[in-house]
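**Student:** coords below, sequence missing:
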């Protein structure tokens, strides 16, 4: 099973080289695709230098500016499908997601899941170093999604997710509307409505130690109001 980890980047020079080292050293031959939105700090230049060491395992899409998390993943999904990958993962570059947990997500995709979610809330609350206000917002956002949509997922906003290629082939990626963190909710909801099995694997989420968070009130607002529209949408696969 060919495995690809998609990592959107914007100003991640403090983290990107260490992330490359960590993922490439994992068992299981995970490859990397970075989608960089014109980072002014030189993130893409670091990736290009590292590509010279492993051109067959490190890949890069450079975009002209900040076009949104969702569009970065959509570009990555399409690239992964065209390149023939079987298991496709989403992960942040800042080590808030532990790359070692990729092994557990891959195991779930190889056994009982079409979508495997690295979940902060499936077994209590497993978040480290977040301010209480942000933790409460994240936790109750997932509760809100569950109430509004009925989707049986404890961590609907999770950004550490693995997909079998069959899921991404069925989802009409061109019709995914949300571009911020609401994208994560919309993708899970669409997969669930199409009949795919979503499994949650408990992880420990640790807030970033280097770089700057990309969270904003606009991103939160898009997710809040976008969720209200989801139950009224007609979900049809490709």
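**Tutor:** Perfect, thanks for sending it. Predicted, not measured: the structure shown is a model, and the values here were computed from it.
**Student:** Just the endpoints, please. Distance across stretch 96-115?
**Tutor:** This stretch, stretch 96-115, spans 20 Å end to end (CA to CA, to the nearest Å).
**Student:** Give me the contact list for it.
**Tutor:** 1, 3, 5, 19, 22-23, 26-28, 30, 87, 89, 91, 116, 118, 159-164, 166-167, 188, 191, 196-199, 201, 203-208 (CB atoms under 8 Å, 6 or more residues apart in numbering). Using the backbone N, CA and C atoms, a C-beta is placed for each residue, glycine as well.
**Student:** How about it, which residues are buried there?
**Tutor:** Buried residues in stretch 96-115, counting neighbours by 16 or more other CB atoms under 10 Å, are found at 96-99, 101-102, 104-106, 108-109, 113-115.
**Student:** Likewise for stretch 115-132?
**Tutor:** 115-122, 127, 130.
**Student:** Go through the residues you listed and flag which are in strands.
**Tutor:** Counted as lying in strands by DSSP state E, out of the buried residues of stretch 115-132, are 115-119, 127.
**Student:** could you dump those to a markdown table with distance to residue 135 and pLDDT?
**Tutor:** As requested, those are exported to a markdown table (distance: CB to CB, whole Å; pLDDT from 0 to 100):
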| residue | distance to residue 135 | pLDDT |
| --- | --- | --- |
| 115 | 24 | 98 |
| 116 | 23 | 98 |
| 117 | 18 | 98 |
| 118 | 17 | 97 |
| 119 | 15 | 96 |
| 127 | 6 | 82 |
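**Student:** Return the member of these nearest to residue 180.
**Tutor:** Nearest to residue 180 out of these is residue 117 (CB to CB; 18.1 Å).
**Student:** That closest one against residue 157, yeah?
**Tutor:** No: in this structure residue 117 lies outside contact range of residue 157 using CB atoms under 8 Å: 10.1 Å.
**Student:** can you give me the helices for the chain?
**Tutor:** For the chain, the helices defined by DSSP state H cover 16-24, 43-51, 69-82, 102-109, 132-149, 165-170, 182-193, 217-229.
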